[in-house]
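Visitor: predicted model and sequence below, questions to follow.
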Amino acid sequence: MPSYDLTVNGQTHTVTAAADTPLIYVLRNDLALMGTRLGCGLSQCGACAVLADGREIRSCTTPVSRLAGKKIHTIEGLPAMWAGKGEADPAGVLHPVQQAWIDEQVPQCGYCQSGMIIAAVDLLDRTPNPSVEQIRAAFTDSAPSAHLCRCGTYAGITAAIQRASSAISG
Amino acid sequence: MTISGPALTRRDFVKVGGALVVTLGAPVALPGCSTAASATNSLDASQLASWLEIHADGSIIARTGKTETGTSASAFYAQVIAEELNVDPTSITMVLGHTDETPDGGFSAGFLTGANNQRKVAAYTYQALLGLAATELGVPAADLTVSSGVVSGGGKRVSYADLVTGQQLDLAIPVSGGLPTIDLNDPIGITNLAGISVTGDPPTKPVEQYSVVGKSHPRPGIRDIVEGKGIYSGDVTVPGMLHARMVRPATLGSTLVAAGKLDLGKFPTAEVVVQANLVAVVSPNEWEAVQAARAVASTTEWTEWSGLPNSTGITEALRAADWTPVGTRGDAATADAGLASAVKTVSATYEQPYVRHAPIGMYMATADVRTDGTVKIWSQTSQSQGARAQIANTLGVSVDKVVIRWAQGPGQYGRTTYGGDGAMADAAILSQLLGKPVRVQWTMQEDLTWSSTSPAWVADLKVGLDASGRMTAFSSDWYSPHENDARMIGAILAEMPTLSPTVKTSFPVISTVWPYDKVPGVVERAYHTANPAMSSAGGGLRGNIMRTPWQRQQNFGLEAIVNEAAAVAGADPIEFRIQHTTDAQLIEIMKATADAHGWTSRPSPNPKAGRSGTAPVKGRGVGVIIRSGAQWVGIAEVEVVPSTGVVRVMQLTVGVDVGKVMNPTHLKSMLEGGAVMGIGEALFEEVTFDESKVTSTDWTRYRIPEMGDIPEIKTVFVSHDDRGINGGGEAANGLTPNAIAAAFFDATGVQPRRIPLTPDYVKSILKT
């Protein structure tokens, strides 16, 4: 099996995997990064979203062979990404989006929320002060699918994104 | 310090009926130590140490077999304990759902009964601690007060931590009930699913003195979830574990002809495992298991089978079934007389197809079945002790050999409430066959085919009105297949012992709480039947409860016909409801919700209602439900485009009177989330099948609400100290479809008698 150098959360790992292996299996089983969650497996729900060069991708359908040279961030890597130093703030400071998710107590079952947080980080990077309509569009109409939450936490997600936007913009 | 019996046996406490015995005996092996539970793999519920530990640093561990299902029960449990003990809720760590580390079992669905155990254990412990402090300080217990775990009185103080340091508080907790056992004559097939209850009446804090319950205490696991550190059931890894993917039958009734061959050149470390009709592919590499299972599935042969009614004719199929009366409530003679003398009657049939729980994450489980007969399973079940009984039954081992370790999972909304359904049997059977730990992960297509469902239903309803437009009679006949099939599909397919092959008996379920007590003649009759093909090799459509079970379905019919009756009477739908009830709390929350929404009084339909054209027509509607002691009101605004049949919910207001609000933040979250689920049922959700198999097998064919489907949701609730603590986790999903259907009627003049309001259905009813 071929080897790939993957840069995940600031660290480069050499992994051996079949070329078509979806990234999520490498993250979870080879790198022990369990925060990325398998949902539908067909890019229809967004639970498995991670960032590749700052943009959301679906790790359940993106083969590992396509990710060489990209900077991948998972939910676990967001605090360090925010700190900008390659490692998280030792005081436990989270990415503002994560902190907003706690402040708004967004999760119910929580299974979709890693993907929701990743999508929110991507959105706020592109659109720092999104309107409610822009948030709805980003989470509903963006390819490849809407981000689904069966517990129905959409109001909490919207409030948390607005809170994070204020925190980031100061 | 010496703890002695007499010092702790407080007369005034004994007088109120508590059985408090405190001794300094040999240390009870504390849960959490692996040796403690090894004898029976369960804790003795009559021992305080099984429920609660207070540590020298002031931290507290509390244990219950109930779980966190996403409703924030874990926050509420900590609040209830903190309230009775007078400690900070953040000092409490909950241990949930592990069968070998918790004492009581029980439903995770009923937070109120769960909190009851926690409240009483904390209250018993509080009395014991007061007794200890009285002895230690030489101050009568009646003169002591407690704040943040520090007991004060007579100018002296001592912390709980100091009181218990080095001590074993060996307090007997009075309990009744037992842990689940298999009983094939039981309607579900398992008895004691409610688990063990703490009995007696220890003094508890009056609600008006609450300082913790009622505040928005953050839920303990949320930080871990947003950091990606929250452990879910699928995250458990065991040394030597194999990954499995199941190869399911071609239909819901097919049997295996020949399992497909595995190409070992392509998949060198994979293996095919077969037990009767249970087929799986395992591999140490998960992606290899996925690919090999697909390859094997493509060459596996199954018998042909067609034993389902097509879902397009589900109502006709239900009509043709054999129905058993399972319960009557009310008085048929009075209702019939009221109908006979009515000036006007409304008579209608309401229906809904099969729907399902449809979590975002699919079933997963890991099992480690050892040759010494021990079984350990990691699962997201919400009924660990019931699952334990089922797994023991299926594998043919005694229940004390089985441990279920719970981990949080994707929201299940009731599908594991009876300890059944899920991937546990698949994993356990494979692990037993292979002698290795096995992790099973279902696919979306598999979950949307093989998990249990919430059955379709039909209701024939009649309302009689007098000359003044008042309802005088209500008659209902309610038809729905069983919702108590807790079998696990792995055991069915493997032809290993499971619960009753056909559900022999059923509940006499009339679940409505009839709000309109001024109606003199009311009769409700319920009928049950088997779900299609439940005796087939694949178990057919297994009926199971789903959030707000029974009442969600029945309430749709009841509120829909009340809405029609209000229109016949020419009355405003809210005023019409108020005219027919003496429930002051219901009237109060109806008025408060109407005010918050900006409701103006007028009858439906809207004077501008229309049923044709490309321009949207608008309407507003209301629905109510009473559940678990709480009164709920929903008001929806919709837009309908008659030419396309597309319905959009533009605004939603949900009001509830739960009595004492335990946690405003999480109650609001439950209201919003339940309302979203209700929008799904109202507009999109339908399990479709042909004569052989389920066809709604992905998120494009089983459509659940997206963010863009959800309007602004206003929530209305006020906490009342004198109305009890009532249920807030369910009901909103049973409320919203009524409000939406009523708003549709207001917009178009046509009352929908079926949900979901899909474009095709909407166009069909607007045409006629």
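Guide: Yep, it's here.

Visitor: hey, let's count contacts and neighbours off CA atoms from now on
Guide: OK.

Visitor: what ranges do the helices span in chain A?
Guide: A:23-25, A:78-83, A:96-103, A:113-126, A:132-140, A:154-169 (DSSP state H).

Visitor: now the ones you listed as a markdown table including mean neighbour count?
Guide: Conversion of the helices of chain A to a markdown table gives the following (neighbours: other CA atoms under 10 Å in any protein chain shown):
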| stretch | mean neighbour count |
| --- | --- |
| helix A:23-25 | 25 |
| helix A:78-83 | 20 |
| helix A:96-103 | 23 |
| helix A:113-126 | 24 |
| helix A:132-140 | 18 |
| helix A:154-169 | 20 |
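
Visitor: output the ones you listed as TSV; include the columns distance to B:Pro573.
Guide: As requested, the helices of chain A are arranged in TSV below (distance: least, CA to CA, whole Å):
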stretch	distance to B:Pro573
helix A:23-25	52
helix A:78-83	51
helix A:96-103	39
helix A:113-126	39
helix A:132-140	32
helix A:154-169	28
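
Visitor: can those go into TSV with extra columns for distance to B:Ile710 and mean pLDDT?
Guide: Written out in TSV, the entries for the helices of chain A read as follows (distance: least, CA to CA, whole Å; pLDDT from 0 to 100):
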stretch	distance to B:Ile710	mean pLDDT
helix A:23-25	30	98
helix A:78-83	28	96
helix A:96-103	19	98
helix A:113-126	16	98
helix A:132-140	9	98
helix A:154-169	8	97
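
Visitor: and the gap between A:Leu31 and B:Pro520?
Guide: In this structure, A:Leu31 lies at 68 Å from B:Pro520, with CA to CA, to the nearest Å as the measure.

Visitor: kindly report the same for B:Thr453.
Guide: Where B:Pro520 is concerned, B:Thr453 sits at a distance of 36 Å (CA to CA).

Visitor: compare those two (neighbour count), which wins?
Guide: With neighbours defined as other CA atoms under 10 Å in any protein chain shown, B:Thr453 and B:Pro520 compare such that B:Thr453 has more, 24 against 15.

Visitor: these two touch, right, the more buried one and B:Gln412?
Guide: No. Judged on CA atoms under 8 Å, B:Thr453 makes no contact with B:Gln412 at a distance of 11.5 Å.

Visitor: between the two, which contacts overlap?
Guide: Counting by CA atoms under 8 Å, 6 or more residues apart in numbering or on different chains, the residues touching both B:Thr453 and B:Gln412 are B:His357.

Visitor: closest one to B:Gly240 among the helices of chain A?
Guide: Checking those against B:Gly240 by CA to CA gives helix A:23-25 as the closest, at 17.1 Å.

Visitor: quick one: the helices in the stretch 601-750 of chain B, in order.
Guide: Remark: helices assigned in the stretch 601-750 of chain B by DSSP state H, counting those that start in this stretch are B:664-683, B:732-748.

Visitor: tell me which of these sits nearest to chain A.
Guide: Go through those one by one with CA to the nearest CA and the one that ends up closest to chain A is helix B:664-683, at 4.1 Å.

Visitor: show me what the closest one is packed up against.
Guide: helix A:154-169, strand B:646-657, strand B:712-717, helix B:732-748 (3 or more CA pairs under 8 Å, 6 or more residues apart in numbering or on different chains; DSSP states H and E).

Visitor: could you give the mean pLDDT of that helix?
Guide: Taken as a whole, helix B:664-683 has a mean pLDDT of 97.

Visitor: from the chain's centroid, how far away is it?
Guide: 14 Å (CA atoms, centre = their mean, to the nearest Å).

Visitor: would you mind listing the buried residues in it?
Guide: B:664-683 (16 or more other CA atoms under 10 Å in any protein chain shown).

Visitor: break chain A down into its structural domains.
Guide: Chain A resolves into domains spanning A:3-77, A:79-169 when parsed by automatic domain parsing.

Visitor: ends of the first one, how far apart?
Guide: Taking CA to CA, the span from the opening residue of domain A:3-77 to its closing residue is 23 Å.

Visitor: establish whether that domain and chain B are in contact.
Guide: Yes. Taking CA under 8 Å from any CA of the partner chain as the criterion, domain A:3-77 and chain B are in contact, through A:21-22, A:25, A:34-41, A:44-45, A:47, A:75-76.

Visitor: quick check: B:Tyr413 is in a strand.
Guide: No. With DSSP: H, G, I helix; E, B strand; the rest coil as the criterion, B:Tyr413 is located in coil rather than a strand.

Visitor: that one and B:Ser451, how far apart?
Guide: Between B:Tyr413 and B:Ser451 the computed distance is 13 Å (CA to CA).

Visitor: can you tell me the closest non-neighbouring residue to B:Tyr210?
Guide: B:Glu83 (6.6 Å; CA to CA, 6 or more residues apart in numbering or on different chains).

Visitor: near chain A, which residues of the stretch 151-300 of chain B show up?
Guide: Proximity of the stretch 151-300 of chain B to chain A, by CA under 8 Å from any CA, involves residues B:218-219, B:222-223, B:225-231, B:235, B:286-287.

Visitor: wait, which of these is closest to B:Ala731?
Guide: B:Ala731 has its nearest neighbour among these in B:Arg219, at 21.6 Å by CA to CA.

Visitor: pretty sure that closest one is touching B:Gly70, no?
Guide: No. Using CA under 8 Å as the test, B:Arg219 is too far from B:Gly70 to be in contact (9.8 Å).

Visitor: any stretches of the stretch 1-150 of chain B with poor pLDDT?
Guide: Counting by pLDDT under 70, the stretch 1-150 of chain B contains low-confidence ranges at B:1-40, B:110-111, B:113.

Visitor: same thing but at 50, please
Guide: Of all residues in the stretch 1-150 of chain B, those with pLDDT under 50 make up the ranges B:1-39.

Visitor: ok, the residue in it that chain A sits nearest to to B:Asp485 distance?
Guide: Nearest residue of the stretch 1-150 of chain B to chain A (CA to the nearest CA) works out as B:Gly70 at 4.0 Å. With distances taken as CA to CA, B:Gly70 is found 23 Å from B:Asp485.

Visitor: so how far is the lengthiest helix in chain B from its chain's centroid?
Guide: In chain B, with assignment by DSSP H, the single longest helix is helix B:111-137. Averaged C-alpha coordinates place helix B:111-137 at 28 Å from its chain's average position (CA atoms, centre = their mean).

Visitor: contacting residues for the one residue sitting closest to the centre of chain A?
Guide: Per CA atoms, centre = their mean, the C-alpha nearest to the average position across chain A is that of A:Ile118, at 2.6 Å. For A:Ile118, the contact set (CA under 8 Å, 6+ apart) comprises A:49-51, A:56, A:74-75.
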